[in-house]
Each structure stands twice: as structure tokens, then as C-alpha cells.
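# pasting the sequence and the predicted model now:
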Amino acid sequence: MTHACPEYLALSRRGFLRVAGSTAALAAAASAPAWLPRVALAKDYRSGQRDVLVSVFLRGASDGLSMCVPWGESAYYAARPTLAVPRADSTDPNRAIDLDGFFGFPQALAPLIPAYQDGNLLVVHATGSTDPSRSHFDAQRYMEVGKANDATLGTGWLGRHLQTTSPMLPGSTLRGVGIATGLQKTLVGGPQTLPIPNLDTFGLTGSAGSRSDRLVAIGNLYDLVPDPLNATAQNTIDTMALLDQIDFVNYLPQSGAVYPTNSTGIAFRSAAALVRAQVGVEAIAIDVSGWDTHAAQGSTTGFLNGLMNSLALSLAAFHRDLFSTTTPSVSVVVGSEFGRQLVENGTQGTDHGHGNCMFVMGHQIDGGRVLRNWPGLATNQLFEGRDLEVTIDYRDILAEIVQTRLGNANLPAIFPGYTPTFRGVTL
């Protein structure tokens, strides 16, 4: 069954992110000077080092009212007679897992309970972009560039962070990675930043016996042309050499962590290997698609339940792998372009909404709680009479992490035209 709307399907078919990101990725890579040397693997990070940021985008508009259930709100159950996750104080086997007496996780997110109880996982509710758009295309773009209603801004908020701060590891060949075929808008503009769909196989195809000779030939060829092509080619060759030093296939997760073998699990496993390698990568973007659940949503069993569980298993493995041993400090932010409408539709799905929830996980995140300025779900409390209201701008969360955990106070450049309010998400 098709769950997504025509706009989301058309956006996916066109491969907008792949096409739009490819040119930007070349421009970003071109910022590396041709003389930049290859980077040796660092043995350890200095104390007080900035966090590595992992940005996870749930494309298609996730249903925050299923991912963090307001089980203490009677209006939620009145609006969703078949889709609501049962109350945490019920005897239903699919009942919500209580978090704080009002909110709860669906059973699909049970793998995240250890991270939540350890204080490493924060849920932010009634959050998102204040832009009222219900278009996937527009909402994703505005959220990724960090400014609503600005079609002229071509770089992403995370790319501008990398632009406005010095490399975490001096001389880094690779600072940002989008695990995708095309660079996510979030990272566009970042220096030494590339889209790499498979970190283990990034390199020249063809005969392995002639690979070295072909790399030398390509380097010599582009030495004859000026920048930006010269710098782009050299940075790409350097990145191939850098990633060759990391054995992604045989990466051994720590503390018994087991990643799912699907695309989401593989992306998180690759990200963990990259973080542990300590090669100077500061920002990693991961896309998880499929959240446009207009029909047969399946909040407790079915499609959405499986999608949530896959995400939870991947995040839980990442937490177990990187948070139980001494590793570089990491912050993970998980968000989506907008939420879903409160009232379920006639095909047992939910249509495009507004407010949503975010997950933030990190070594220095003040977690184990649901951060919110809860607006309520009564009709007169809803955005445009149908959606969860946004009471916490998503940029407040990102900006606090950028300044306090990534060490970059250039917030006016990263989030132009916006003055963030810090919400106490970091320790």
C-alpha cells in the first residue's frame, strides 16, 4: 500500500536532494586547497574537544503524537479512535511506556528507554518550524537552511557552522559527511564536505589492480587545471585515501551493540565507525525516509510501528556503542519537516500537520525528560484548528547545541534573522 502523498512521491522520484546536492557538494569540496596533505588517523582527542554532531532527518513528516504520546490528554484519544497509542496506565499490551506521568513512548521505541533513563536522551515536544507550509518540498528546505520563507538562501545551517569555525582537527581532509547520494541541504556550503552513500566503497570502480595508477593519473590530469576543479579533485582523492584507512566492513561495535542490517542501521553503524576513527569529521547527516503516513499508518502494529522500531534500534545501538566507553563526545539531533494532523483521516492515516517532537541524544545533553511548553490539544488550542501548535522553535535547540557543544557562537550567521532562546538542553 502507498502511504505517502503525491508530492512526497514526486519529490523522491525526482531525487531532488541528490540533484540539488551534487553541485553544492562540488562547490563545498572545492574549498579545500590543492596542497592540503592527507590526514593521518588521530590517536585520541584533546580534552574539551567539541562534539561530533549527527543530524538525522526523518523525511516525509513524522507523527510526533505517536512517537511521544500525550497519553494524559483526553483530546488525543477523542481525535484518534483507531490510531491512538493506548494509555500507559491501561492493560493493553500496546500501551504507551510512561515517561513522566503525561507523555510516553510507544512500544516500538522501547529500545530507547535505556538512553532515556541514563539521562542521555531528551525529547522536545510541540517543536518545529514556525513556517506554516504543509509542503514537504518547502518545509524541508526552510528547515535545512535554518530560515523560513527564504528561497534565496543556498547554504544549510550545519554547512554554515562548518564555514564559521576552524577545523576540530587541524588540516582535516574531511569535516562533513552526508550519508546519501547527494549532499543534504543541511550540509551545503560546508568546507571539506561530501555526500558519500557507502563509506566503505567510496572510491574508483573497476579493476583493483590498476586503481593506484588511475588515481595518480587523475591527480596529474587535474593538476593541469585551475581551481575549483583542481581542489575538488585533490580533496576527493584525499578523501578516498582517508576512508581507505577505516575498515567499515569489519567495524566491531562496543558493549554488545547490534545495529539493524537495513539502510538505517547501516548508516548509523557507519557513522559510529567514522566517529571512532577520529579523522576530523565533525558533522554527519543521515536521512530516514518513509514517514508520510496518509493511509494505514499503523501506530501500534503495522507500517509506522516498524519504521519507529527501526529508528529506535539504530539509535539504541549507537548509544550502546558510543556512550558506554570513552569516545569522542557526540550530539545527535533527530527531527522532521513538520508533524501530522491531530485527527485521523478516513483511511486510518494522518495528513500534513504542524508541531512535532524532536529527539536529542548526547554525552552532555540534559536528558531523561520531555522538554515542552505544552499548548494542549483542545480545538481552540490547535494551530489553524487542526494541528499541534509549535511553542518551541527547533532553532532554539540547534543553536544551543551549536554554541555550547560545538563551540561556535556565530549564531547570527548560522541562523540568520533569528535570535534563539536557549532551553537548557545541554549540561
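It's in.
# list the contacts for Ala399?
With contact set as CB atoms under 8 Å, 6 or more residues apart in numbering, Ala399 has these partners: Leu411, Ile414, Phe415, Pro420, Phe422. (Each C-beta comes from the backbone N, C-alpha and C, glycine too.)
# just Leu112 next, same as before
Under the criterion of CB under 8 Å, 6+ apart, the neighbours of Leu112 are Phe105, Leu121, Ala312, Leu315, Ala316, His319, Phe359.
# nearest residue to the second one in space, please, no chain neighbours.
What it means is Leu121. When the adjacent residues along the chain are set aside, Leu121 lies closest to Ala115, with 4.0 Å between them (CB to CB, 6 or more residues apart in numbering).
# for the helix or strand encompassing the one you found, buried residues please.
Element membership for Ala115, per DSSP states H and E: helix 113-117. Burial within helix 113-117, assessed by neighbour count using 16 or more other CB atoms under 10 Å, is assigned to Ala115, Tyr116.
# just checking, what packs against that helix?
Here helix 113-117 touches helix 303-323, going by 3 or more CB pairs under 8 Å, 6 or more residues apart in numbering; DSSP states H and E.
# mind doing that once more with 10 Å?
Using 3 or more CB pairs under 10 Å, 6 or more residues apart in numbering; DSSP states H and E as the contact test, the elements touching helix 113-117 are strand 121-128, helix 303-323, strand 356-362.
# how about these in TSV, adding distance to Ala399, mean neighbour count and mean pLDDT?
Converted to TSV, the helices and strands packed on helix 113-117 look like this (distance: least, CB to CB, whole Å; neighbours: other CB atoms under 10 Å; pLDDT from 0 to 100):
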stretch	distance to Ala399	mean neighbour count	mean pLDDT
strand 121-128	13	26	99
helix 303-323	22	23	98
strand 356-362	13	27	98
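# format these as JSON lines; extra columns: distance to Asn380.
Supplementary listing: the helices and strands packed on helix 113-117 in JSON lines, determined by distance: least, CB to CB, whole Å:
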{"stretch": "strand 121-128", "distance to Asn380": "16"}
{"stretch": "helix 303-323", "distance to Asn380": "28"}
{"stretch": "strand 356-362", "distance to Asn380": "20"}
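# what residues are up against the residue most central in space within the chain?
Nearest to the mean C-alpha position of the chain, by CA atoms, centre = their mean, lies Val56 at 1.1 Å. Val56 makes contact with 264, 267-268, 271, 284-288, 311, 314-315, 318, 332-336, 358-359, 361, according to CB atoms under 10 Å, 6 or more residues apart in numbering.
# what does the pLDDT read for Val334?
Val334 carries a pLDDT score of 99 in this model.
# one more: Gly209?
At Gly209, the pLDDT recorded in the model is 89.
# what about it, neighbour count?
Neighbour count of Gly209, defined by other CB atoms under 10 Å: 7.
# for the helix holding Ala115, the distance to its chain's centre please.
For helix 113-117, the distance from its own C-alpha centre to the chain's C-alpha centre is 19 Å (CA atoms, centre = their mean, to the nearest Å).
# tell me which stretches of the stretch 251-400 of the chain form strands.
283-289, 330-336, 356-362, 369-371, 392-393 (DSSP state E, counting those that start in this stretch).
# who does Ile392 bridge with?
On the basis of DSSP bridges, Ile392 takes part in beta bridges with Thr127.
# same thing with Val333?
On DSSP bridges, the residues paired with Val333 through beta bridges are Ser55, Val360.
# does it touch Arg395 like I think?
No - at 11.3 Å, Val333 and Arg395 do not qualify as touching, with contact defined as CB atoms under 10 Å.
# for this protein, which segments count as helices?
6-14, 16-29, 64-67, 74-79, 113-117, 136-145, 157-163, 211-222, 229-244, 263-277, 303-323, 394-404, 411-414 (DSSP state H).
# who's in contact with the nearest residue to Ser314 once chain neighbours are set aside?
Among residues not flanking Ser314 along the chain, Phe268 sits closest, at 4.3 Å (CB to CB, 6+ apart). Taking CB under 10 Å, 6+ apart, we find Phe268 in contact with 54, 56, 179, 253, 257, 259-260, 284, 286, 288, 311, 313-319, 321-322, 332.
# Phe268 and Asp227: what is the separation?
Using CB to CB, to the nearest Å, one gets 35 Å for the distance from Phe268 to Asp227.
# got it, and Asp98?
Applying CB to CB, one obtains 58 Å for the distance of Asp98 from Asp227.
# check Asp118 too.
As for Asp118, its distance to Asp227 is 47 Å (criterion: CB to CB).
# cool, Arg211 as well?
According to CB to CB, Arg211 stands 25 Å off from Asp227.
# same check on Ile286?
Distance, Ile286 to Asp227, using CB to CB: 30 Å.
# the more surrounded of the two?
Set Ile286 next to Asp227 and count neighbours by other CB under 10 Å: Ile286 wins out with 23 against 15.
# the more buried one contacts Gln184, doesn't it?
Yes - between Ile286 and Gln184 there is a contact at 8.7 Å, judged by CB under 10 Å.
# what sits in contact with each of those two?
Residues touching both Ile286 and Gln184 (CB under 10 Å, 6+ apart): Ser55, Phe57, Gly178.
# nearest residue to the second one in space, please, no chain neighbours.
Pointing back at Phe57 there. The nearest residue in space to Phe57 (CB to CB, 6+ apart) is Asp287, at 5.3 Å.
# how close does that neighbour sit to Lys185?
Distance from Asp287 to Lys185, by CB to CB: 11 Å.
# okay, those two: which has more neighbours?
Shown here are Asp287 and Lys185; by other CB under 10 Å, Lys185 has more neighbours (29 against 19).
# helices and strands of the protein: which one bottoms out on pLDDT?
With mean pLDDT, DSSP states H and E as the measure, the helix or strand of the chain carrying the lowest mean pLDDT is helix 16-29 (a mean of 37).
# just the pLDDT at the residue nearest to Leu121, thanks.
For Ala115, the model assigns a pLDDT of 98.
# repeat that for Thr205.
With respect to pLDDT, Thr205 scores 82.
# quick one on the thing from earlier: and the strands of the stretch 251-400 of the chain as JSON lines, adding distance to Ser62?
Supplementary listing: the strands of the stretch 251-400 of the chain in JSON lines, determined by distance: least, CB to CB, whole Å:
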{"stretch": "strand 283-289", "distance to Ser62": "9"}
{"stretch": "strand 330-336", "distance to Ser62": "4"}
{"stretch": "strand 356-362", "distance to Ser62": "7"}
{"stretch": "strand 369-371", "distance to Ser62": "16"}
{"stretch": "strand 392-393", "distance to Ser62": "16"}
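# that concludes my questions; thank you for your assistance.
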